[in-house]
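In: Sequence and computational prediction follow.
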Amino acid sequence: MEQQEPSVPSIIYIAGYGRSGSTLLDRILSQHQDVLGSGEICNALTTLQTPDQLCSCGAAIGKCGVWKTISEHIRSWMNKSGLSSTHELGVIQRKMESRKSLVHLLISGKLPALTVDEQNLYNKYQGLLFSTFSRCQKGQKYVVDSSKTAAHTAARPVVLSLFSGLPVHVIHLVRDPRSVLRSRLKGGNHELEKGLATKGRLIGFRTILGWIQANLSAAAISLLIGRERVCLVRYEDLVDKPHETVEQICTFLGVESDSITEAFDREFLPQVSHMASGNRMRLKPTKLENKKSETTVPGYLRWLCTIMCFPLMKKYGYTRSGGVLRTVLGLVFPSVLSFDSVQTFFDLLFSRLLPLSLQ
């Protein structure tokens, strides 16, 4: 393993599933003077091919001071390494960071079907990428990478830490899967950004599976890099109790929270990040509030989501007493009892009547 330059910053990696508030957390963390918010850095190679795409700073990628410098450094290094295009590098990155790689690492501690030269090429690219971020923003010790842990980036934080030798702190950001489902049914980020209609088959089912996979992958990271380097944060706590949650995160990172919490007093969070890829909200003024989607989720999808995600929902505190019985009864008598009436009945039974009968 090659030693990285001393200028390489520590990486704050946001793991979890999309639509869970990673863009919001990225922007919140970037309020700290030592932190540079950079969005989904896993997409950097694609970003460099679209110079007209907007960075969250407001400038086009080709004119943004940070991304223009990164593009120049990457292209110069590629020419010296004999790489004619980003395609080969992109293929190696996908192999290194995939869900398949995470499974292999958990079972054998090795990466599947990758040569030493390919691994070295990946390590040099990531080291150069993050050290260039540090050069662009002198004095900032942390870079936020909100690439999350979906199927194509499931192993990214582990590979960056164990194989590229980069200092990585992981924030596992989780959100109630039912809220994620509502958000996803509104449409994909690229579709919404362009005003297009939602496309694709089985979007709801794929979202449920994606949420399960991404959060299981995030949970597995602690087994590989150590529990002390992973911090679990719920989106709901971030927006409902921002001061307490930010204090928890800053304690985990070993930084002061004052400069972040002071930004909460403003109507909108100041835009000080350089997110080139991620949720469309990176380009808009951000308020710290818990927005509830008005999108209606079909009844069968709500039940399917609750059943399939129940173990993880329970682990993360998204279930109430009687959750399983509510689900079963709703499936048996869907035409007799509505979801809300069943939920109300069992909430009353488990929270009020049973405790009284046991006194």
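Out: That came through, no problem.

In: contacting residues for the residue nearest the centre of the chain?
Out: Most central in the chain under C-alpha atoms, centre = their mean is residue 148, positioned 3.3 Å from the mean C-alpha point. Residues in contact with residue 148 (C-beta atoms under 8 Å, 6 or more residues apart in numbering) are 14-18, 20, 22, 40, 214. Glycine gets a C-beta too; all of them are placed from N, C-alpha and C.

In: hmm, try it at 7 Å
Out: 14-18, 22, 214 (C-beta atoms under 7 Å, 6 or more residues apart in numbering).

In: Now go through those residues and say which are in strands.
Out: Here DSSP state E is the test, and those give 14-16 as lying in strands.

In: before we move on, the earlier item: could you save the contacts of residue 148 as a markdown table and add columns showing distance to residue 240 and neighbour count?
Out: Putting the contacts of residue 148 into a markdown table (distance: C-beta to C-beta, whole Å; neighbours: other C-beta atoms under 10 Å) gives the following:
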| residue | distance to residue 240 | neighbour count |
| --- | --- | --- |
| 14 | 19 | 27 |
| 15 | 21 | 32 |
| 16 | 18 | 29 |
| 17 | 20 | 24 |
| 18 | 21 | 23 |
| 22 | 17 | 26 |
| 214 | 22 | 25 |
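
In: Count residues in the vicinity of residue 75, would you?
Out: The local packing of residue 75 (other C-beta atoms under 10 Å) involves 13 other residues.

In: Quick check: it vs residue 69, distance?
Out: According to C-beta to C-beta, to the nearest Å, residue 75 stands 11 Å off from residue 69.

In: Any figure for the gap between the residue nearest to the centre of the chain and residue 85?
Out: In this view, residue 148 and residue 85 are 26 Å apart by C-beta to C-beta.

In: And for residue 214?
Out: For residue 214, the distance to residue 85 - C-beta to C-beta - is 30 Å.

In: count of residues packed around residue 66?
Out: With other C-beta under 10 Å as criterion, residue 66 counts 21.

In: ok, now which ones touch it?
Out: By C-beta under 7 Å, 6+ apart, the neighbours of residue 66 are 136-137, 274.

In: so which of those residues is the most crowded?
Out: Neighbour max across the contacts of residue 66 (other C-beta under 10 Å) = residue 274, 26 neighbours.

In: hang on, that residue packs against residue 44?
Out: No: using C-beta atoms under 7 Å, residue 274 makes no contact with residue 44, being 11.5 Å away.
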